[in-house]
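Visitor: Return a 3D structure for these sequence lines:
(chains A and B)
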Amino acid sequence: MAKTKEITSRIKSVKSTKKITKAMEMVAASKMKKTITSVLKTRTYSNLSWVTVVNLAKSLNNKHEKHPLLTSRESINKELIILISANRGLCGSLNSSIINKAHESIKKYSEPNNIQTDFILIGKKGSSIHRHGYNIAAEFEKKDIETFITDVRPITQMIIKEFLSGKYDKVMLAYTDFINPLEQKPRIKQLIPVDTSSEDQYLGATGKSELLKTDLDYIKTKEDKYLHDKYGNYEYTIEPNEQEVLNELIPRLIEVQIYQAILESNASEHSARMNAMHNATISANDLIDELTLYYNKARQSGITSELSEISAGANALN
Amino acid sequence: MTNLIKFEIVTPERTILKEQIVSITVPTTEGELTILAHHIPIVSILKPGIIQIRKDGGEIDLMAVSGGFIEVLRNKIVIMADTAERAQEIDEARAEEARQRAEELMKNIEKSDDIDFASISANMAKELARIKTANKWKNIKHPHNTLNSEKK
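Guide: Here you go, the predicted structure:
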């Protein structure tokens, strides 16, 4: 009988674990939905600011002046990577894959060219990059509940200042791109200098999910519909001047990109956790089935042995 | 020929308003700017203040803005604001409270560095803009809006 008791208590504990994983799965699912809608909401702003930056950069180029935040440097000695990770584990391989991705890309591109790499961490789990021997320049807290654009502002100010002072020659952003609830991809993207010349079809936006629809058409229709008239090209009037507008606008663009990357990573984190918890629930179910089978077997054999004892006893009396 | 302009105001967090309007007045760093239909394309920096919109039918809408950009295209206006709020959404008491907090901080700031000072004074300018917007909103007659609120 002792055996069946043990098994029932195990079944009980597995059942309560299952309840927890099930609840975590549901929570992660609803958080994921929320984050995706907020990524979508930032899309308009980033599209609009990207187009404006590109337009202004063009008109600056015509005057042979270049904005420092838009100009790539010829020799790169030091780079900075902003690494966005989750605050917690229990989300599959999400954290380790972004850390490995960053490590691999440094091995591949930076080390052969003698580029030194520093890190800025957003999220607690990123700190294990330290194991690879990289220098961590700063660590910023990532909020669990909701991130606002104002939370990103200090990071943006810091990296722009350090870039302009010449401490770093390049700033990259490492984040996990949310492609769909079943697929997340670690990605590394150049943040500063802002590359306006490249035919980046994803514009100033981070994230390449189909769900999020980058608005390439919008940009095209904008030029045709709103900037040209029948007499030829329109020129912007820019107040006070290009330099100053860019000085204000580029930091905003960088800010919104970091913001998007954080939201994107959050969405990935929640969906990865949702999957991990879903799998945990399934294995809990399997385990319960298996244990129930053992329990029944143990009970049956208990009954059989009792019966045979009774009948043996009865036989002995006769 | 219509005299309506497409207007859109967005912040990094959301789209505040998207509507057809007749005219708009915005506070830019170079001074106040009113834009009607067929304005030439222009880009300018906004400073904290009140955005006033006149809609078709003379209805007026107010918004508090804490800074950002305005981009005027052919018959389309886009405002990329840092933060923006419609007058109806502003909680006046809380705005006043926030302003007082900023003011207190500013008095005690001498020992802190420039960055703190800059961010607090920016915050104060933002709260002032919100309060002004809320006050101005109260002083405007809005037949449509009161009707709406009664319906609710």
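Visitor: for A:M277, helix, strand, or coil?
Guide: Under DSSP: H, G, I helix; E, B strand; the rest coil, A:M277 falls in the helix class.
Visitor: Over to A:Y168?
Guide: Using three-state DSSP, the secondary structure recorded for A:Y168 is coil.
Visitor: any idea of the pLDDT on it?
Guide: For A:Y168, the pLDDT comes out at 91.
Visitor: residues from chain B in reach of chain A?
Guide: Residues of chain B lying close to chain A by CB under 8 Å from any CB of the partner chain are B:8, B:10-15, B:28-30, B:40-45, B:68-69, B:71, B:73-76, B:78, B:80, B:82, B:115. In this view, the C-beta of every residue, glycine as well, is placed from N, C-alpha and C.
Visitor: Distance of B:A98 relative to B:N108?
Guide: Counting by CB to CB, to the nearest Å, the gap from B:A98 to B:N108 is 16 Å.
Visitor: Neighbour count: these two, which is higher?
Guide: Set side by side, B:A98 and B:N108 give different neighbour counts by other CB atoms under 10 Å in any protein chain shown, the larger being at B:A98 (17 against 9).
Visitor: pretty sure that one is touching B:E127, no?
Guide: Yes: applying CB atoms under 8 Å, one finds B:A98 in contact with B:E127, separated by 4.7 Å.
Visitor: which is the next helix or strand following the helix or strand in which A:Y45 is found?
Guide: The secondary structure element spanning A:Y45 is helix A:2-62 (assigned by DSSP states H and E). Per DSSP H and E, helix A:2-62 leads on to strand A:78-84 as the next helix or strand towards the C-terminus.
Visitor: so where's chain B shaky on pLDDT?
Guide: Scanning chain B with the threshold set as pLDDT under 70 gives B:1-2, B:109-116, B:141-152.
Visitor: quick one: buried residues of the longest strand belonging to it?
Guide: Across chain B, the strand with the greatest residue count (assigned by DSSP state E) is strand B:15-28. Burial within strand B:15-28, assessed by neighbour count using 16 or more other CB atoms under 10 Å in any protein chain shown, is assigned to B:I16, B:L17, B:I21, B:V22, B:S23, B:I24, B:V26, B:P27, B:T28.
Visitor: helices and strands around it, which ones?
Guide: Of the remaining helices and strands, those touching strand B:15-28 by 3 or more CB pairs under 8 Å, 6 or more residues apart in numbering or on different chains; DSSP states H and E are strand B:5-10, strand B:31-35, strand B:42-46, strand B:49-55, strand B:60-65, strand B:76-81, strand B:84-86.
Visitor: try 6 Å this time
Guide: Strand B:15-28 makes packing contacts with strand B:5-10, strand B:31-35, strand B:42-46, strand B:49-55 when contacts are defined by 3 or more CB pairs under 6 Å, 6 or more residues apart in numbering or on different chains; DSSP states H and E.
Visitor: any chance of those strands in a markdown table, with mean neighbour count too?
Guide: Written out in a markdown table, the entries for the helices and strands packed on strand B:15-28 read as follows (neighbours: other CB atoms under 10 Å in any protein chain shown):
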| stretch | mean neighbour count |
| --- | --- |
| strand B:5-10 | 21 |
| strand B:31-35 | 13 |
| strand B:42-46 | 21 |
| strand B:49-55 | 21 |
